[in-house]
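Okay, here's the prediction I keep looking at, along with the sequence it came from:
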Amino acid sequence: MIFPFSYESMEKIQEELSSSVRQFAPRGLTSRMPYVAVGDGLGHRELVYSGSSAMSGDFVVEDVSVEDERFRRLVFLNNQSVIQSEAKLKKGRAFF
């Protein structure tokens, strides 16, 4: 399950992932494996809702902060690398 998190830097992310990434390295590789990231903002994610659908399986709705912008995303957990939908959030009147 996805929980709220923030990372200080790309180096901290690489440090956390390094043991898993090494499992995919070609035999005999002794140099550091390069990382590729989409976008340069590390951001912060916060779980808003999690649920399950008979058609698409488990999903989460999360609020994501990148730099000075906030987005709400729908992510299906069977394919977490694909964001199903994303909407930019803006400050305004509360609807509650």
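Structure received. Numbering: from 1, shown residues only.

how close does the residue located most distally from the centre of the chain sit to residue 18?
Here the chain reaches farthest from its C-alpha mean at residue 28, the gap being 30.9 Å by CA atoms, centre = their mean. To residue 18, residue 28 is 17 Å away according to CB to CB, to the nearest Å. Yep, even glycine has a C-beta here, placed from its N, CA and C like the rest.

The residue farthest from the centre of the chain should be in a strand, yeah?
No - under DSSP: H, G, I helix; E, B strand; the rest coil, residue 28 sits outside any strand and is assigned coil.

For it, what are phi and psi?
Backbone geometry at residue 28, expressed as degrees, to the nearest 10, gives phi 90, psi 0.

do residue 52 as well
When quoted as degrees, to the nearest 10, the phi and psi of residue 52 stand at phi -140, psi 140.

Of all the helices and strands in the protein, which has the lowest average confidence?
Every helix and strand in the chain was compared by mean pLDDT, DSSP states H and E; the lowest is strand 5-6, with a mean of 59.

Show me the beta-bridge partners of the residue nearest the centre of the chain.
The chain has residue 45 as the residue nearest its centroid, 7.0 Å off, counting by CA atoms, centre = their mean. Note on residue 45: beta-bridge partners by DSSP bridges are residue 5, residue 64.
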